[in-house]
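K.L.:
what follows is a protein structure lacking sequence information:
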């Protein structure tokens, strides 16, 4: 992850208009593309959902990046805000971590206690904060390195992005809660208790405060070095086990483990991952190729694991995902070559 704090928070970036707007457009499109489309969560059969995803995920990630750069923060500042965006989705907007899962029909859901789908929620916290926010921001800043330390939005841009995010969140809520759940999956309407919304808003507020407390970090480079070609396999090793949570939720098991076992293991695994990332980011030679390897590793994890359950997909959905995944790999390899050329120059 980028370990350097942002530049002057009052700067608007300057430069030609197309250079100023290009990274904004790319990030808004890339955020839901990585987290939803490349992963297979949004398939060709319902690709229309990509529009509200651009509005909510794309603009939400853009606003998070803007706040972090104005706070002169880095990825540790961004992570709590990514978690807050995930809580917004899971508790406030589509409420997928609160309502019973429509895909499971009448089958009992593993990990649902006190009105919360805990196993599913833990996975989504990690998945959405990383794949919707952290990785897209890092990839776009690798594409536009001259703009990586600068805020991208002026006051009018902030207002527009906030308005689009609000409308997108409403559309996402309406299309899922009022239409898809009832008319497509034919499950009864579910209204979470008011206390759950209050808990969600409280968690969002706490995460924002944590992010603010982590602004302007004073990181000191260590004497050690790290090869980017070790970052890539390490990312694969750290990423794939998280999908065990999805297996526990969606694959019926005759004797599933007690819920506290995967919950504790996931929290511990996440803590180890964050610890390692913090150690990596302060390595003496940490640079763009390391960030590329980290992002590429995450993409390989979600694209590969995204084929779980594809046996019941329409054939065109599988072909569509496969083609997009191949294009994504080609694009990331081209980006690596571009980074190497920059380093050589």
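P.N.:
Done, it's in. In this text the structure is predicted, and so the values were computed from the model without any measurement.
K.L.:
confirm residue 109 sits in a helix?
P.N.:
No - using DSSP: H, G, I helix; E, B strand; the rest coil, the secondary structure at residue 109 is coil, not a helix.
K.L.:
nearest residue to it other than its sequence neighbours?
P.N.:
residue 101 (5.5 Å; CB to CB, 6 or more residues apart in numbering). To be clear about C-beta, it is placed using only N, CA and C from the backbone, and glycine gets the same treatment.
K.L.:
okay, now that neighbour: neighbour count?
P.N.:
Residue 101 has 18 neighbours, counted by other CB atoms under 10 Å.
K.L.:
I'd say it and residue 119 touch.
P.N.:
No - using CB atoms under 8 Å as the test, residue 101 is too far from residue 119 to be in contact (10.6 Å).
K.L.:
spit out the residues that contact the two alike.
P.N.:
Common contact partners of residue 101 and residue 119 (CB atoms under 8 Å, 6 or more residues apart in numbering): residue 249.
K.L.:
got a list of what residue 320 touches?
P.N.:
Applying CB under 8 Å, 6+ apart, we find residue 320 in contact with 43-44.
K.L.:
three-state assignment of it?
P.N.:
helix.
K.L.:
report pLDDT for the residue nearest to residue 109.
P.N.:
Per-residue pLDDT puts residue 101 at 82.
K.L.:
what mean pLDDT does the strand or helix carrying residue 59 get?
P.N.:
Assessed by DSSP states H and E, residue 59 sits inside helix 59-70. What helix 59-70 shows for mean pLDDT is 96.
K.L.:
for it, packing partners?
P.N.:
If you count contacts as 3 or more CB pairs under 8 Å, 6 or more residues apart in numbering; DSSP states H and E, helix 59-70 packs onto helix 17-32, helix 75-87, helix 135-143, helix 155-173.
K.L.:
10 Å instead?
P.N.:
Based on contacts counted as 3 or more CB pairs under 10 Å, 6 or more residues apart in numbering; DSSP states H and E, the elements that helix 59-70 packs against are helix 17-32, helix 75-87, helix 135-143, helix 155-173, helix 194-213.
K.L.:
report the separation between residue 320 and residue 326.
P.N.:
Distance, residue 320 to residue 326, by CB to CB, to the nearest Å: 11 Å.
K.L.:
for residue 281, same thing?
P.N.:
Between residue 281 and residue 326 the computed distance is 30 Å (CB to CB).
K.L.:
between the two, which has more neighbouring residues?
P.N.:
Counted by other CB under 10 Å, residue 281 and residue 326 do not tie: residue 281 has more neighbours, with 22 against 11.
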